[in-house]
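Here is a sequence with its predicted model. Questions after.
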Amino acid sequence: MSTATAGQDHDEQTEGHGVHSSGHEHPADIFYVKIALTLGLLTALEVSTYFWNFGKVFLPLLLVLMSIKFVLVVLFFMHARFDAKIFGRLFWTGVLLAIVVYIAVLTTFHFWKV
Amino acid sequence: MADLAVQAAPAPVVHHTSTGLSNTKLAMWLFLGSDCLLFGGLISTYMLYRGRVNGGPTGRSVFDIPFTSISSFVLLMSSLTMVLAVTSSARGDMVRARTWLMTTALLGATFVGGQVYEFTAFYRKGVGFTTNLFSGSFYTLTGFHGVHVSVGIIMLLSLYVGSLRGTIGPEKAETVEIIGLYWHFVDVVWIVIFTLVYLLPA
């Protein structure tokens, strides 16, 4: 703990001068294992939609599950949750731009009228 | 809450940057944000053409969902082993970090092997790269993803060798983290591809 404290003190002293530290705190390994198990369960649920008829709920369920998995990996495995906010903002800007641009592209090709 | 307990880390490496952030990590996040646009283009092209089989086999008729599901699970678990490699290197435990790095590379190679097997199976069923618009867009999308995974495997193996040689040590934990970001991105893209390409009917 003293090493982490020393690291934090070092960060506090140097932060105002534009000096960055490459270390940031990590959750315990078991936390990541739980996230991975959650992702596995969500994947199993996704695959089940292929074999069982979920009716009208099928498409929203699939998209929601996909989005939850996407967010879990970005927030926790990619450490966007624990790291400097600018990193996550850069990434989500790219994601949002891609979604908006390609929805526009698909719209010009009358994709939604199929 | 105990799961979120902070583990002690070696003294962090300090860089002098104008933003106070690691330029390398910033560049990687920026690159990944831009790579979303590449895959967005490929995915939307596939979505446009997925029904254009021109009388040939459809995706539903050739896809082996149980096999691809296992492949997807393998890639998902490689994300876990990658993050464990990152935390191990951050803790200064390079032996464990190497183990997890090699495990991640092997899982990634298993995934790529599965893709290659799938492609050959599809080809035998009459779905070639130039067969129709569906097949062309499918192979382009999944092929690009496969190349990304392969590049990731090369980077992981480079880290492993560097760690053995002593050039990648605890002070280079950020390098492992940055390559980890790339690897998780590749996994995240597959999450989208697996859902939209394999599970969504045309």
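Now that the structure is in, tell me what you want to look at. Numbers count the residues shown, from 1 in each chain, chains lettered A, B, ... in the order given.

So, low pLDDT: which residues of the chain?
The chain I'm using is chain A. Counting by pLDDT under 70, chain A contains low-confidence ranges at A:1-25, A:114.

oops, chain B please
B:1-15, B:202.

Could you pull up the residues touching the residue lying farthest from the centre of it?
Taking C-alpha atoms, centre = their mean, the residue of chain B most remote from its mean C-alpha position is B:Gly55, at 33.3 Å. Contacts for B:Gly55 (C-beta atoms under 8 Å, 6 or more residues apart in numbering or on different chains) come out as none. The way it works is simple: take the backbone N, C-alpha and C, and place the C-beta from them, glycine included.

OK, contacts around B:Gln83?
No Gln there; residue B:83 is Val. B:Val83 neighbours (C-beta under 8 Å, 6+ apart): A:32, A:76-77, B:180, B:184.

what's B:Thr110 in contact with, if anything?
B:71, B:74 are the contacts of B:Thr110 under C-beta under 8 Å, 6+ apart.

Distance check, it against chain A.
16 Å (C-beta to the nearest C-beta, to the nearest Å).

Helix or strand next in line after the helix or strand where that residue lies, which one?
If you go by DSSP states H and E, B:Thr110 is part of helix B:94-124. Proceeding N to C from helix B:94-124, the next assigned helix or strand is helix B:133-165, under DSSP H and E.

Please identify the buried residues of that following helix?
B:133-139, B:141-142, B:144-146, B:148-150, B:152-153, B:155-160, B:162-163 (16 or more other C-beta atoms under 10 Å in any protein chain shown).

and the residue of chain B nearest chain A?
Nearest to chain A in chain B, going by C-beta to the nearest C-beta, is B:Gly33, at a distance of 2.6 Å.

Can you name the residue of chain A nearest to chain B?
Counting by C-beta to the nearest C-beta, chain A gets nearest chain B through A:Gly94, at 2.6 Å.

before we move on, what SS does that residue have?
Three-state assignment for A:Gly94 (DSSP: H, G, I helix; E, B strand; the rest coil): helix.

hang on, isn't B:Arg60 packed against B:Pro201?
Yes. If you go by C-beta atoms under 8 Å, B:Arg60 and B:Pro201 touch, sitting 6.2 Å apart.

sorry, back to before: the contacts of B:Val83 in strands, which ones?
Assigned to strands by DSSP state E, none of these qualify.

Assumed A:His26 was part of a helix.
No. Using three-state DSSP, the assignment for A:His26 is coil, not a helix.

That one - nearest residue in space that isn't next to it in sequence?
B:Thr87 (4.7 Å; C-beta to C-beta, 6 or more residues apart in numbering or on different chains).

burial count for that neighbour?
26 (other C-beta atoms under 10 Å in any protein chain shown).

got the phi/psi numbers for it?
phi -70, psi -40 (degrees, to the nearest 10).

Ok, B:Thr81 next?
The phi/psi pair for B:Thr81 (degrees, to the nearest 10) is phi -60, psi -30.

right, and it touches B:Ala105 too?
No. Using C-beta under 8 Å, B:Thr81 is not in contact with B:Ala105, being 9.2 Å away.

Common neighbours of those two, please.
With C-beta under 8 Å, 6+ apart, B:Thr81 and B:Ala105 have no common neighbours.

Are we agreed that the residue of chain B closest to chain A is in a strand?
No. B:Gly33 is assigned helix when assessed by three-state DSSP, not a strand.

dump the residue contacts of it.
A:90-95, A:97.

which among those residues end up buried?
A:90-91, A:94-95.

overlap in contacts of B:Arg60 and B:Pro201?
With C-beta under 8 Å, 6+ apart applied, the contact sets of B:Arg60 and B:Pro201 do not overlap.

The strand or helix carrying B:Ile178 - contacts with which helices or strands?
Taking DSSP H and E as the definition, B:Ile178 sits inside helix B:173-193. Packing contacts for helix B:173-193, counted by 3 or more C-beta pairs under 8 Å, 6 or more residues apart in numbering or on different chains; DSSP states H and E, involve helix A:58-72, helix B:23-49, helix B:65-91, helix B:94-124, helix B:133-165.

Now do the last one against helix B:94-124: the angle between them, please.
Spelled out, that is helix B:133-165. 160 degrees (axes from the mean of the first three to the mean of the last three C-alpha atoms, to 10 degrees).
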